[in-house]
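J.: Here is the input, now give the coordinates:
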Amino acid sequence: MSYIGRFAPSPTGPLHFGSLLAALASFLDARAHQGEWLLRIEDLDPPREQAGVKDQFPDILEAFGLYWDGELSFQSERLDHYQDALQQLISQHHAYYCNCSRKQIIERCDNIVYDRHCLNNPPKDQQGCAVRVKSMDSLISFRDMIQGPMAYNLNSTGDFVVFRRDGLFAYQLAVVVDDYLQGITHVVRGSDLLDETARQIHLQQLLGYPTPSYAHIPVATNAQGQKLSKQTFAKALNLADPEQELLKALQFLNLQPPKDLSCKSRHEILNWAIEEWDINKLPKTMGIALGDN
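T.: Numbers count the residues shown, from 1 in each chain. Presented below is the predicted three-dimensional model:
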C-alpha cells in the first residue's frame, strides 16, 4: 500500500513552533517512506479564523523547505461531501437531531456526558438542531505508532456532535471525510488529538471507511505545561532563520542533528533528517516543555 500523509492546520492563528513540529514530523515520516505529503487547510470554522492567516500557510511551509504534493486543499470546498456523510449517518440511524443547549446539558448531566434526551424525545422541529452520533458500549482499540496500545470506551464521553447548532460541520466528521477522500493512510499529528482518535475510528467504521495508521507526537508546552497555541500566546515562527528553527524542531523530535548541520541549508538539513528519521526514536510522552530539550 502506498503511503499518503498530510498536514492539516487550522487558520485560527499564525503557525508557531508547535505547528512546525507537527508539519515536520508528518513530512519526514512521509518522505522516509517514499510517500506523498498533502497540505489541507481546515477552514471549517469562520468565526474562529484569523483574517489572512490561511493565505500565509503555504509561503511559511515553503520557507522551511516543506513542499507538499498535489494541490493545496481546503475543507470549505468539501461541504457537499460532509452533508452526504451526515445524511448517511442519519438515514442509517447512527445519528440523531439534538436541540439541547450546553446550559441544559450541564443542568441535567452532572458529569457532562450527554443523557440522550433528544434520542428519547426527538425534536419536533429539526431547524437549528445539532446532530449527534451514537456512542457504542464497546472498546475502540488501536495501536498508536508512538504512544503504544490505546483503548477507549466511547460511552464514557457520550454521544458526540458532528453537526453544530450554528450550522457548521464539526471537526470530527470533516476530518474523517477528508482523510477518506484524500486516501490518507498515515496520520502523524500532535498528542493533543490522541483522545479524539477513537471517535474518528468510530465514524470510519459507521461510514465504511478504512482506518489510517495513527502516530501522535509529543506537543511542545510552555513552562506552565500548556500546549503552545494561539490561546497560550505562542510566538509566530521566525522566518528570518528557518534553518535554526528546523534544527531546534529536530532536537525536540529526538533526532540529535550533528553540529556541522548548523551551517547547512534547509534542504541539506531536511535531507539528513529524512535519512535519519525513525518514528521509534520519538519520546513516548504526551508533552515536552521547550526548556527541557
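
J.: Now do the buried residues in stretch 237-252.
T.: Leu237, Pro242, Glu243, Glu245, Leu246, Leu247, Lys248, Ala249, Leu250, Phe252 (16 or more other CB atoms under 10 Å). Yep, even glycine has a C-beta here, placed from its N, CA and C like the rest.

J.: got it, and stretch 74-87?
T.: Going by neighbour count (16+ other CB under 10 Å), the buried part of stretch 74-87 is Gln75, Arg78, His81, Tyr82, Ala85, Leu86.

J.: which pair in the residues you listed spans the largest distance?
T.: Greatest spatial distance in the buried residues of stretch 74-87: Gln75 and Leu86, 14.2 Å, computed using CB to CB.

J.: any idea how far Ile112 is from His81?
T.: Ile112 is 31 Å from His81, where distance means CB to CB, to the nearest Å.

J.: residues making contact with the host helix or strand of Gln251?
T.: Taking DSSP states H and E as the definition, Gln251 sits inside helix 242-252. Here helix 242-252 makes contact (CB atoms under 8 Å, 6 or more residues apart in numbering) with 17, 20-21, 24, 63-65, 220, 237-238, 256-257, 261-262, 264-266, 269-270, 273, 288, 290, 293.

J.: quick one: the following helix or strand past that helix to helix 242-252, angle?
T.: Later in the chain than helix 242-252, the nearest helix or strand by DSSP H and E is helix 266-276. Angular relation of helix 266-276 and helix 242-252 on a 0 to 180 degree scale: 20 degrees, by axes from the mean of the first three to the mean of the last three CA atoms, to 10 degrees.

J.: List the strands paired with the following helix or strand past helix 266-276, with their directions.
T.: Note on helix 266-276: by DSSP H and E, the next helix or strand toward the C-terminus is strand 287-289. Here strand 287-289 has these sheet partners by DSSP bridges: strand 219-221 (parallel).

J.: which residues does the closest residue in space to Ala32 that isn't next to it in sequence contact?
T.: Distance criterion CB to CB, 6 or more residues apart in numbering; nearest residue to Ala32, sequence neighbours excluded, is Trp277 at 4.2 Å. When contacts are counted by CB under 8 Å, 6+ apart, Trp277 touches Leu28, Asp29, Arg31, Ala32, Leu255.

J.: Alright, that wraps it up for me.
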